[in-house]
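Predicted coordinates and the sequence they were generated for:
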Amino acid sequence: MTKLDSLIAELCPDGVEYRKLSEVCDITRGRVMSKDYLRDNAGEYPVYSSQTANNGIFGYIDTYDYDCESVTWTTDGANAGSVFYHADEQFSITNVCGLLRAKDSNYIIMRFLFYTLEISAKSYVYSGMGNPKLISNVMSTIVIPIPPLPVQREIVCILDNFTELTAELTAELTARKKQYNYYRDELLTFDEDVPMVALGSISLSTSTGVTPLAGKPEYYEGGVIPWLRTQEVRFVDIWDTEMRVTERAFNETSLKWVPANSVIVAISGATAGRVGINKIPLTTNQHCCCFEINKAKALYRYVFHCLSNANEDILRLKQGARGDLNAGLIKRFSIPLPSIEEQARIVDILDRFDTLVNDITSGLPAEIEARCKQYEYYRDKLLTFEGVGCEQ
């Protein structure tokens with residue numbers, strides 16, 4: 001029997017009580033703060049808003065509204081229902097955030113509440129009218145378990161250990177990505193005696209695709225031909241596509257098969273400049289520029305690493321309001337071309353880094369994903385109780 005099992009058997013063998021959030025917490029809402037306000041009142045105290053990047057930090061000002069242990073949540077927008085824990089911190093929140101403070105710290109531990117709401121808050125988000133919301137009066141009705149404090153503490157300890165391990169792995173991944181980028185830049189910087197060649201000159205073929213008419217369901221329903229869109233080009237190997245088209249679409253449009261191990265460059269809008277390698281034959285939309293590399297002149301993986309490393313240079317070629325590229329620009333883009341033997345040596349080194357930082361089956365991303373799933377499994381299991389004394 002674990003320590004937690006012993007505590008539950010001793011302190012709440014018949015179940016735990018459940019209470020509405022409004023019974024155990026004071027609930028407040030943030031205030032309107034624009035980017036201009038943040039600029040005019042710049043300081044050291046964080047302001048949290050609706051985003052989830054950077055733990056939700058919107059900016060920093062010279063005053064603060066809260067100085068307490070608390071849980072905040074996003075009330076509006078795509079991230080509605082996201083929750084964040086704050087301990088010993090002076091901060092403020094915007095009007096698209098709410099804040100929870102314990103009415104009695106001897107009754108509920110805020111870190112325990114945070115883990116509980118991670119599970120339940122999202123299910124209370126209302127998505128009507130296209131704007132997801134979790135407003136205060138709905139949040140106040142959420143019913144949560146309140147086990148005895150020793151049980152809460154033990155659960156928090158267990159879940160904190162999981163999150164700390166994931167944080168360590170994430171920090172390791174960040175460090176390895178920096179290391180990868182450094183060595184890639186070093187390995188792909190050459191003296192003047194290494195020639196620069198246009199991408200088109202080392203390619204057997206260059207192609208772009210097409211988007212079959214969306215109004216023709218016969219082009220998509222029951223499709224078996226992989227069809228790649230630019231949002232799926234993410235500096236990694238491409239083993240499958242999210243969408244497929246039918247043979248009829250292929251026969252009635254200008255779709256072309258792209259041979260496996262081609263180098264694919266996204267050339268449109270926000271995705272422009274991304275690079276990938278298709279590991280299966282596929283078709284693409286018109287915003288993918290595909291190069292079948294002549295293996296007598298260059299290794300396709302070497303070309304992939306070169307273009308990934310030159311992403312900023314490629315982005316400087318973007319044109320127009322949308323920031324598009326085109327096949328002609330990419331065909332004329334030049335990369336250094338050492339001997340095939342030197343290319344192979346570089347590829348061997350960079351592929352090891354690439355596997356470590358990008359491979360979702362064997363690298364650090366795979367380990368992080370496994371730990372996250374393990375955490376979610378045990379979190380849900382640990383926070384499921386038999387209830388007494390309150391309607392759940």
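Noted; the coordinates are in hand. Numbering: from 1, shown residues only.

Check which element follows the helix or strand containing Asp354 along the chain.
Asp354 belongs to helix 340-358 when assigned by DSSP states H and E. Toward the C-terminus, helix 340-358 is succeeded by helix 364-382 as the next helix or strand (DSSP H and E).

Tell me the buried residues in that following helix?
Residues of helix 364-382 classed as buried by neighbour count (16 or more other CB atoms under 10 Å): 364-365, 368, 371, 375, 379, 382. The way it works is simple: take the backbone N, C-alpha and C, and place the C-beta from them, glycine included.

do stretch 233-250 as well
Applying 16+ other CB under 10 Å to stretch 233-250 flags 233, 235-238, 241, 244-246, 249-250 as buried.

of the residues you listed, closest to Gly320?
Val233 (19.7 Å; CB to CB).

what's the most distant pair in the buried residues of stretch 233-250?
It's Phe235 and Thr246 that sit farthest apart of the buried residues of stretch 233-250, by CB to CB, at 29.7 Å.

Among the buried residues of stretch 233-250, name the ones in helices.
249-250 (DSSP state H).

got the buried residues of stretch 233-250 as TSV, with distance to Thr271 and pLDDT columns?
Output for the buried residues of stretch 233-250, formatted as TSV (distance: CB to CB, whole Å; pLDDT from 0 to 100):
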residue	distance to Thr271	pLDDT
Val233	6	95
Phe235	11	92
Val236	14	90
Asp237	17	93
Ile238	13	95
Thr241	15	96
Arg244	20	96
Val245	20	96
Thr246	25	96
Ala249	22	95
Phe250	23	96
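
Would you mind putting the buried residues of stretch 233-250 into TSV with distance to Ala272 alongside?
Written out in TSV, the entries for the buried residues of stretch 233-250 read as follows (distance: CB to CB, whole Å):
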residue	distance to Ala272
Val233	10
Phe235	13
Val236	17
Asp237	20
Ile238	17
Thr241	19
Arg244	24
Val245	23
Thr246	29
Ala249	25
Phe250	26
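
Which helix or strand in this protein has the lowest average pLDDT?
The helix or strand of the chain with the poorest confidence is strand 387-388; it has a mean of 66 (mean pLDDT, DSSP states H and E).

ok now do the closest residue to Val156 other than its chain neighbours, which residues does it touch?
Spatial nearest neighbour of Val156, excluding adjacent residues (CB to CB, 6 or more residues apart in numbering): Arg111 at 4.8 Å. The contact partners of Arg111, taken as CB atoms under 8 Å, 6 or more residues apart in numbering, are 85, 87, 156, 160.

Ok, Gly222 next?
Residues in contact with Gly222 (CB under 8 Å, 6+ apart) are Thr246.

So what's the residue count around the nearest residue to Pro132 once chain neighbours are set aside?
Counting by CB to CB, 6+ apart, Pro132 lies nearest to Ala80, which is 4.0 Å off, once chain neighbours are set aside. Residue neighbour count, defined by other CB atoms under 10 Å, stands at 22 for Ala80.

Could you chop the protein up by domain?
Here the domain parsing of the chain from automatic domain parsing is 16-147, 195-337.

Let me have the ones you listed in TSV, extended by distance to Lys178.
TSV is the format used below for these (distance: least, CB to CB, whole Å):
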stretch	distance to Lys178
domain 16-147	18
domain 195-337	14
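
of those, which approaches Thr189 most closely?
By CB to CB (comparing all of these), the closest turns out to be domain 195-337, at 8.2 Å.

how distant is the closest one from the center of its chain?
23 Å (CA atoms, centre = their mean, to the nearest Å).
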